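>>> Return atomic coordinates for the entry below.
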Amino acid sequence: MNRRNLILTIALIGQVLLILLIATLRPPSATANAGPLLGETKSADITRLAIQDKNGQRIEIARAGDIWTLPQFDDFPADAGRITPFLEKLTGIRTGRLIARTAASHDRLQVAPANYARRVELTLSNGNQRTLFIGSSAGGSAVHVRLDGADEVYLADGLSSFDAGVEASSWINTTYLQVAQDQVNTVTLANANGVFEFEKDAAGAWTMKGLSVGETLDAAKVTEMLSRLSFVSMMRPLGKTLKSEYGLQPPLATITVTLKQENASPKPIALRIGARDEATSAYAVQSSESPYIVQVSSFTVEPFLQRARQDFLVPPPTPTAGAAETATPTPASAP
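Presented below is the predicted three-dimensional model:
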């Protein structure tokens with residue numbers, strides 16, 4: 001073989017190797033007949049899911065009939081309006097955008113058994129289980145996904161790890177207590193500083209029991225206190241069991257209101273505030289309107305713990321600066 005043919009042969013071999021390399025590294029384009037990653041599974045087939053991040057934080061959600069709950073928190077009600085759309089995203093993932101075929105890519109794409117953004121375990125009504133890894137973002141509202149037991153990694157549109165929250169608050173209605181402020185007749189606050197009682201008079205103005213002569217209630221302080229009760233949002237549920245670490249036996253503070261009702265006796269509503277969780281800076285709270293104890297942010301409840309009697313009073317007037325001083329006569333000198 002002469003030199004010219006040798007060079008052509010080497011060039012041809014190089015081109016073949018280049019084509020093979022590109023075919024190996026470049027993901028195939030989407031195909032119209034790509035099937036669903038979870039096969040024939042429908043969102044209605046899923047009765048339980050568990051979501052975990054790589055740090056081990058985990059949330060479990062279960063369904064009985066049409067009712068979703070959080071088993072970890074004594075079956076606290078979950079919000080189907082948040083769960084169903086997420087399940088439909090999972091069952092809607094298709095295999096048309098293949099990114100990788102080998103296990104060597106799993107760690108890089110964060111879909112490996114020990115390195116993932118989210119691990120989602122699904123339990124079906126027939127008892128079968130499927131596990132899906134949600135990995136790194138590929139930009140444009142797309143994320144890498146892999147089905148456990150398979151090496152193939154796909155690109156899923158319209159999905160992110162943020163859709164798969166591991167906090168209970170991601171899957172529940174976080175409203176814990178709502179009080180119609182204009183319906184409140186009486187308010188009683190008991191904390192370490194004392195017991196403070198307020199009541200509306202016949203004209204609808206707030207009064208405070210036990211005022212001394214010269215003291216005046218600052219009604220705006222009562223209104224501000226009630227505004228915190230008008231919408232109490234929880235950070236997460238704790239469950240129904242009254243544990244000693246919640247600090248609710250006795251509570252640090254209790255605020256009780258009564259609501260006027262047509263043709264009925266006034267309805268009392270009590271909110272008890274317990275211990276502060278140093279890890280979350282939230283307080284354990286128990287409402288007479290719910291069987292569940294929850295955690296509420298310190299911003300919402302700390303004023304109930306701190307208020308003292310003087311905080312509800314109009315400050316006394318400040319003496320006017322530069323007031324004339326009474327002159328003291330100078331004794332006359334002896335002759």
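>>> in the stretch 1-150 of the chain, which spans are helices?
Taking DSSP state H, counting those that start in this stretch, the helices of the stretch 1-150 of the chain run over residues 3-25, 80-91.
>>> Out of these, which gets the lowest mean score?
Looking at those, the lowest mean pLDDT belongs to helix 3-25 (a mean of 56).
>>> how about the nearest residue to A117, chain neighbours excluded?
Among residues not flanking A117 along the chain, S161 sits closest, at 3.8 Å (CB to CB, 6 or more residues apart in numbering). Quick note: C-beta positions are derived from backbone N, CA and C, even for glycine.
>>> report the longest strand in the protein, please.
Of all the elements of type strand in the chain, the one with the most residues (DSSP state E) is strand 264-277.
>>> Show me the contact partners of that strand.
177, 179, 185-186, 229, 232, 245-248, 251-261, 282-289, 293, 295-296, 298, 301, 304-305 (CB atoms under 8 Å, 6 or more residues apart in numbering).
>>> tell me the domain ranges of the chain?
35-170, 175-312 (automatic domain parsing).
>>> Distance from the chain centre to the shortest one, please.
Here the centre of mass of C-alpha atoms in domain 35-170, compared against the chain's by CA atoms, centre = their mean, to the nearest Å, lies 19 Å away.
>>> Who does the nearest residue to E215 once chain neighbours are set aside form a beta bridge with?
Excluding its sequence neighbours, the residue lying closest to E215 (CB to CB, 6+ apart) is L313, at 5.5 Å. Counting by DSSP bridges, L313 forms beta bridges with L217.
>>> Neighbouring strands - and their directions - for the longest strand of the chain?
Applying DSSP bridges, strand 264-277 is found paired with strand 253-261 (antiparallel), strand 282-287 (antiparallel).
>>> Buried ones in the longest one, by neighbour count?
If I follow you right, that is strand 253-261. Within strand 253-261, the residues scored as buried using 16 or more other CB atoms under 10 Å are A253, T254, I255, T256, V257, T258, L259.
>>> and Q310, that's in a strand?
No: using DSSP: H, G, I helix; E, B strand; the rest coil, the assignment for Q310 is helix, not a strand.
>>> Quick check: the gap between it and N193.
Per CB to CB, to the nearest Å, Q310 is found 9 Å from N193.
>>> Settle it for me: which of these two has more neighbours?
A direct count of neighbours by other CB atoms under 10 Å for Q310 and N193 places N193 higher, at 15 against 10.
>>> pLDDT score assigned to that one?
At N193, pLDDT is 98.
>>> you'd agree it is up against R307?
Yes: using CB atoms under 8 Å, N193 makes contact with R307 at a distance of 6.8 Å.
>>> quick one: average pLDDT of stretch 248-263?
Averaged across stretch 248-263, pLDDT comes to 91.
>>> For this protein, give me the ranges with low pLDDT.
Confidence mapping of the chain against pLDDT under 70 gives the ranges 1-33, 263, 320-335.
>>> Can you tell me which residue is spatially central in it?
Nearest to the geometric centre of the chain sits S169, at 3.1 Å (CA atoms, centre = their mean).
>>> Now the nearest residue to V179 once chain neighbours are set aside, what are its backbone angles?
Using CB to CB, 6+ apart and skipping the chain neighbours, the partner closest in space to V179 is L229 (4.4 Å). Dihedral pair for L229: phi -80, psi -20, per degrees, to the nearest 10.
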